[in-house]
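Colleague: I'll drop the sequence and a predicted model, then ask my questions.
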Amino acid sequence: MEPLTSSTHGVSAPGKEQEARGIALVVDDEPANCRLLSLMLNKEGFRTLEAHSGEEALTCFAAERPDIVFMDVMLPGIDGLEATRRIKDMAGMDFVPVIFLTALSDDQSLLHCIEAGGDDFLSKPFNFTILKARVLAMERVRNLQRTIAAKQQMLSALLEQDREEQLLAERVLSRAVTSRNVAFDKIGVIQLSAAIFNGDLVLTQRLPDGGLRLLVGDFTGHGLAAAMAALPVADTFHAMTLKGIRDEQVLCEINRKLYQMLPADRFMGVCLMTISGQGDTLCWWNGGMPSAWLRTAGGLRELPSHALPLGILPELSPQEYPQCVALHWGDGLLVMSDGFLEARNESGQMFSHAGFDLILNEWRHGSPVLPAFGAALDRHCAATEQADDIAVAEILLDSALFASAPDDGER
C-alpha cells in the first residue's frame, strides 16, 4: 500500500520506513483494546486511527480512507454491523477489508457479521501471530481485487475507444453507402440497427427516364461483418441505375461481386423494385426476402420471394428474372426485411403475429401505411432489445414522386 499522510487519533505513527502498509482504522469502545491493537499494528508497519463509536468510525473513514478496518461488534450508538454496512457503501468498488473484533463465538452472530459486509474475524483477547496472519490474508485479497479493478478499468477504456472507433466507422460507412440515395423525402423508410453497424440496406436512385429504382437488402447476420459488403453493392447499384441498365443486369452484377467476396455461408436477400418514368409499370424481383406488398385500387397483391438470395450461386437463373405489373396513381408499395416481421416484444411474440396482418389489411388505397406500422412497431417492441436489424420502405405512387425527377439535385 502507498503511505498516506493523514493524522492519527491518539496513536503515534510508525517510522517512514514502516509506512508502506498504509492506514488501519481500529474501532472499539474500550480505549485499552484500541491502544493494544494499534500498537500491534504499528509494529507491523501500519499508521493507525482510533475510533470509539460507530459515528466516529464513519467520520474517520470519510476523512482518511483507511486501507483496512478493525471493527468491534458492540458499539454505542451505531453498532459495528451498521457501521460496516455504511463503510462498505462508502468504499464503493474499492475493496477495504473489515475484520470484526469479537468475543462472540455462536454461529448466528458470526453469520450476521458476514452479512453486514465483514471479511474476517479476530477473537479477543488478541493474538499477535493470528493478527499477522489475518492481515496478510486480507492484503492478498485486497491486492488481487485492486489488480483486477485496474485491469477492468483498462479494459473498459479500450472497449470505449473501440466503440468510438466503430461509431466513427459506422458514420463514414453509412454516408458512403447512403450519400447517393435520392427521393428519400418522397418515400417512407424505417431503419433500426441491432448493433452499431446495420446489415440491412435501403438504396434509391433515379433512372435516365426519371423513373425510380429501390433496393432493400438484408445481409446474413448483423453488425460490421454484415455491413462491409454494402459498399460494393451500393456502388454497383447507383452506377448501373444512373446509366439505365436493366434490372436483371444489375442483379447479375451484384450477385457476381457478392459471390466472389462473401464466405460460403454469407449472402444477401434482396428486393429490387423499379418504377418506370411514366409511373405506369413496376418491375420487381424478390430473392430470399419476405413478401413485398402492392396496394392497388383493386386490393392487395403479394410479391413473394421467387429466387435465391444473391451471393449463393455464381449466376442467376433466367427463370428468376424480374417480373412486371401495371401501376396506377395512388398505388402503394411496401418492402421489408425479415427483422421487421420477426421483431419481438418482451414476451417473445413476433410482430408478424401481433397486429401486422390487421394493419396491412386496413391499408387504404392512396394513403401511406408506414406511419401506422411504425407506431405499432414502437408499441410492440417498447424497450425490448432486438436480435436483428429492421428495414422497411414504402413508396406511394403520386405526382410528388416524380415532381423533380428530371433534375433531382440529389445524384
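Modeller: Alright, I've got the coordinates. Residues are numbered from 1 along each chain as shown.
Colleague: Surely Val189 is in contact with Val202?
Modeller: Yes: when contacts are counted by C-beta atoms under 8 Å, Val189 is listed as touching Val202 (5.6 Å). For every residue, glycine as well, the C-beta is placed using N, CA and C.
Colleague: what secondary structure does Ile395 sit in?
Modeller: strand (DSSP: H, G, I helix; E, B strand; the rest coil).
Colleague: Would you agree it is in contact with Gly211?
Modeller: No: counting by C-beta under 8 Å, Ile395 does not reach Gly211; the two are 11.5 Å apart.
Colleague: Next, show the common contact partners of the two.
Modeller: Ile275 (C-beta atoms under 8 Å, 6 or more residues apart in numbering).
Colleague: and the closest residue to Val250 other than its chain neighbours, what is it in contact with?
Modeller: In this structure, Val250 finds its nearest non-sequential neighbour in Met240, 4.8 Å apart by C-beta to C-beta, 6 or more residues apart in numbering. Applying C-beta under 8 Å, 6+ apart to Met240 gives the contacts 249-250, 253.
Colleague: Just the buried ones from those residues?
Modeller: Buried members of these, scored by 16 or more other C-beta atoms under 10 Å, are 250, 253.
Colleague: Could you list which of the contacts of Met240 belong to helices?
Modeller: 249-250, 253 (DSSP state H).
Colleague: State the number of residues packed around Arg86.
Modeller: Residue neighbour count, defined by other C-beta atoms under 10 Å, stands at 17 for Arg86.
Colleague: Can you read off the pLDDT for the residue nearest to Val250?
Modeller: The model reports Met240 with a pLDDT of 97.
Colleague: ok, back up a step: so which of Ile395 and Gly211 has more stuff around it?
Modeller: Neighbour comparison, Ile395 and Gly211: the larger count goes to Ile395, with 25 against 22 (by other C-beta under 10 Å).
Colleague: beta partners of that one?
Modeller: Beta bridges link Ile395 to Leu333 when assigned by DSSP bridges.
Colleague: Helices of the stretch 51-200 of the chain, start to end?
Modeller: 54-64, 80-91, 107-115, 128-178 (DSSP state H, counting those that start in this stretch).
Colleague: With mean pLDDT and distance to Leu300 added, can I get the ones you listed in CSV?
Modeller: Output for the helices of the stretch 51-200 of the chain, formatted as CSV (pLDDT from 0 to 100; distance: least, C-beta to C-beta, whole Å):
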stretch, mean pLDDT, distance to Leu300
helix 54-64, 93, 70
helix 80-91, 93, 61
helix 107-115, 81, 64
helix 128-178, 83, 30
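Colleague: Thr281: which of these is closest?
Modeller: Checking the helices of the stretch 51-200 of the chain against Thr281 by C-beta to C-beta gives helix 128-178 as the closest, at 26.4 Å.
Colleague: how far does that closest one sit from the chain's center?
Modeller: For helix 128-178, the separation from the chain centroid amounts to 18 Å (computed by C-alpha atoms, centre = their mean, to the nearest Å).
Colleague: now stretch 290-309
Modeller: 34 Å.
Colleague: cool, and stretch 331-348?
Modeller: 21 Å.
Colleague: Go through that stretch and flag the buried ones.
Modeller: Along stretch 331-348, these residues count as buried under the neighbour rule (16+ other C-beta under 10 Å): 331-344.
Colleague: from these, which is closest to Val141?
Modeller: Out of the buried residues of stretch 331-348, the member with the shortest distance to Val141 (by C-beta to C-beta) is Arg344, at 42.9 Å.
Colleague: Wait, the closest one touches Ala387, no?
Modeller: Yes: the pair Arg344 / Ala387 is scored as a contact, 7.5 Å apart, by C-beta under 8 Å.
Colleague: Please put the alpha-carbon coordinates of stretch 330-341 into PDB.
Modeller: Written as PDB, here are the backbone C-alpha positions of stretch 330-341 (Å, rounded to 0.1, in the frame of the first residue of the first chain):
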ATOM      1  CA  GLY A 330     -52.400   6.100 -55.700                       C
ATOM      2  CA  ASP A 331     -50.900   2.600 -55.700                       C
ATOM      3  CA  GLY A 332     -48.600   1.900 -52.800                       C
ATOM      4  CA  LEU A 333     -45.600  -0.400 -52.500                       C
ATOM      5  CA  LEU A 334     -44.300  -1.900 -49.200                       C
ATOM      6  CA  VAL A 335     -40.900  -3.700 -48.900                       C
ATOM      7  CA  MET A 336     -39.400  -5.000 -45.700                       C
ATOM      8  CA  SER A 337     -36.600  -7.200 -44.200                       C
ATOM      9  CA  ASP A 338     -37.400 -10.200 -42.000                       C
ATOM     10  CA  GLY A 339     -36.200  -8.200 -39.000                       C
ATOM     11  CA  PHE A 340     -39.400  -6.200 -39.200                       C
ATOM     12  CA  LEU A 341     -41.700  -9.300 -39.100                       C
END
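Colleague: got the domain boundaries for this structure?
Modeller: 16-151, 180-407 (automatic domain parsing).
Colleague: Which element is encountered next along the chain beyond the helix or strand of the chain with the lowest mean pLDDT?
Modeller: Least confident element among the helices and strands of the chain, by mean pLDDT, DSSP states H and E: helix 224-227 (a mean of 65). Note on helix 224-227: by DSSP states H and E, the next helix or strand toward the C-terminus is helix 230-242.
Colleague: got the buried residues for that following helix?
Modeller: Using 16+ other C-beta under 10 Å as the burial criterion, the residues of helix 230-242 that qualify are 230, 233-234, 236-238, 240-242.
Colleague: and the two most separated of those residues?
Modeller: It's Ala230 and Leu242 that sit farthest apart of these, by C-beta to C-beta, at 18.2 Å.
Colleague: Can you name the residues that contact Met74?
Modeller: Residues in contact with Met74 (C-beta under 8 Å, 6+ apart) are 29, 80.
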